[in-house]
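A.B. asks: pasting a predicted model and its sequence here:
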Amino acid sequence: MLPQHQIVIPKDEGIEFDPEETGSTFYENSMIKAKTLWNIVHCPVIADDSGICVDALNGAPGIYSARYAGPNFMQGYPDGRKCPQEDQNAFVIQQTNDALKSGKVNVEEGKKTGKFQNGPRSAHYVCAMVLYLGNDRFYIANETMEGTLVDTIQEARGNGGFGYDPLFFLPQYGKTSAEITAEEKNAISHRGKALRSLKGIIDSL
């Protein structure tokens, strides 16, 4: 999406980079990454934090999307091991179904606060992206991609994307996020929208 710029990741430069994400929001975690890396390289840094938020689960997994390991380990396993993505996908569908069946999820009430805009299975991806130019000079864009979760894990489909994309249904395309093209995804995705918001600033540097 930034073909006129040279973009490198820490690994390309031989930098070991795995900061502890201790923030309570996507914004805070993106700032932790951006500031930590800027303190090493002292040149413009783009960093982001993203995840999926399910309305029926009060926005979970949210910032713990990468660590999520089911209802018993919402913030990840205590020993830090990673739950396989296939298991994460199954967990989030089952947990959503259980929450809706419990009768404790008030969809109509939720709509008043902006939730459940796509029905009981509403979900959205969030991306907080930072362009960090120094401790007193940075810009941030926070964007979403709206959709729903498929009903069952058997309905997950698509080989594109990553993470929870095979579960994330996009009504406007009639496909999951893992089935659309890269161009289609960049046009509507949380990351694509956030980066476009920052692109003019990046181009002006």
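C.D. replies: All right, it came through fine.

A.B. asks: lowest-confidence helix or strand of the chain?
C.D. replies: helix 107-111 (a mean of 90; mean pLDDT, DSSP states H and E).

A.B. asks: and it, what does it pack against?
C.D. replies: Helices and strands touching helix 107-111, by 3 or more CB pairs under 8 Å, 6 or more residues apart in numbering; DSSP states H and E: there are none. For glycine as for every other residue, the C-beta is placed from the backbone atoms N, C-alpha and C.

A.B. asks: now that helix - C-alpha only, PDB.
C.D. replies: Written as PDB, here are the backbone C-alpha positions of helix 107-111 (Å, rounded to 0.1, in the frame of the first residue of the first chain):
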ATOM      1  CA  VAL A 107     -29.100  -7.400  21.500                       C
ATOM      2  CA  GLU A 108     -31.800  -4.600  21.400                       C
ATOM      3  CA  GLU A 109     -30.200  -2.900  24.400                       C
ATOM      4  CA  GLY A 110     -26.800  -3.200  22.800                       C
ATOM      5  CA  LYS A 111     -27.900  -1.500  19.700                       C
END
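
A.B. asks: run me through the strand neighbours of the following helix or strand past that helix, direction for each.
C.D. replies: Remark: after helix 107-111, the chain's next helix or strand is strand 122-134, criterion DSSP states H and E. Sheet pairing of strand 122-134 (DSSP bridges) gives strand 45-54 (antiparallel), strand 137-149 (antiparallel).

A.B. asks: could you point out which element follows the last one?
C.D. replies: Pointing back at strand 137-149 there. Using DSSP H and E, the helix or strand that follows strand 137-149 in sequence is strand 168-170.

A.B. asks: chain center to that following strand: distance?
C.D. replies: In terms of CA atoms, centre = their mean, to the nearest Å, the centre of strand 168-170 is set 14 Å apart from its chain centre.

A.B. asks: helices or strands up against whatever helix or strand comes next after that strand?
C.D. replies: Using DSSP H and E, the helix or strand that follows strand 168-170 in sequence is strand 175-176. On a contact count with 3+ CB pairs under 8 Å, 6+ apart, strand 175-176 meets strand 168-170.

A.B. asks: looking at the strand it packs on now, give me its mean pLDDT.
C.D. replies: Averaged across strand 168-170, pLDDT comes to 97.

A.B. asks: other SSEs contacting that strand?
C.D. replies: Judged by 3+ CB pairs under 8 Å, 6+ apart, the packing partners of strand 168-170 are strand 137-149, strand 175-176.

A.B. asks: contacts for the shortest one?
C.D. replies: Contact partners of strand 175-176, identified using CB atoms under 8 Å, 6 or more residues apart in numbering, comprise 150, 156-158, 165-170.

A.B. asks: how does it look with 6 Å?
C.D. replies: By CB atoms under 6 Å, 6 or more residues apart in numbering, the residues outside strand 175-176 that reach it are 157-158, 166, 168-169.
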